[in-house]
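>>> I'd like to go over a predicted model; first the sequence, then the structure.
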Amino acid sequence: MVQQRDGDTGQQSLLFQVDYPEVNDNVVPRHRFMSAYEQKVEPPDKKWQYLLFAAEPYETIAFKVPSREVDKSEGRFWTLWNRDSKQFFLQFSFKLEAKPKLPTLTGHGLPSLAPPPPPPPPSLGGN
């Protein structure tokens, strides 16, 4: 497994390479994401999800990865099964997380969660 970051977008990605030297010629490895609440090995933790790989005659293997939304747009999620080398590759990117909006400061230097008050109305009488 290799961790990467796109220099242009800042997106984090993970690249997996799984070797299956004894896999049958007609078998293509499979993968899927599993929620922490589906598995029964560890106590569920919403911060994690699992990426599973399966190919007969091997047992299914799992990798624990952050429970963040996966970007499945073109070029951000791909798989490759190399029948000659019997290696399965999977790369995916996490979607960028929205940065929380910072509160504005009031005249006293204290954060304000409310919008600023409207400006006073123009004077009616002229001075």
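Thanks, I have the structure now.
>>> Spatially nearest residue to the spatially most central residue of the chain, not counting backbone neighbours?
The structure's the chain has its C-alpha centroid closest to Phe94; by Cα atoms, centre = their mean the separation is 2.8 Å. Nearest-residue entry for Phe94: Arg68, 4.5 Å, with adjacent residues in sequence omitted and distances by Cβ to Cβ, 6 or more residues apart in numbering. C-beta coordinates here come from the backbone N, C-alpha and C atoms, glycine included.
>>> Look up the residues forming beta bridges with the residue nearest to the centre of the chain.
Val70 (DSSP bridges).
>>> can I assume it is in contact with Thr9?
No. Applying Cβ atoms under 8 Å as the test, Phe94 and Thr9 come out as separate, 10.8 Å apart.
>>> what about stretch 38-51, how long is it end to end?
One end of stretch 38-51 to the other measures 12 Å (Cα to Cα, to the nearest Å).
>>> Give me the contact list for that stretch.
16, 31-37, 62-67, 90 (Cβ atoms under 8 Å, 6 or more residues apart in numbering).
>>> Among those, name the buried ones.
The neighbour-count test (16 or more other Cβ atoms under 10 Å) applied to those identifies Phe16, His31, Ala36, Val65, Leu90 as buried.
>>> State the pair within those that is farthest apart.
Ala36 and Leu90 (19.5 Å; Cβ to Cβ).
>>> Give the residue spans of this protein that score low on pLDDT.
For the chain, the stretches with pLDDT under 70 are 100-117, 123-127.
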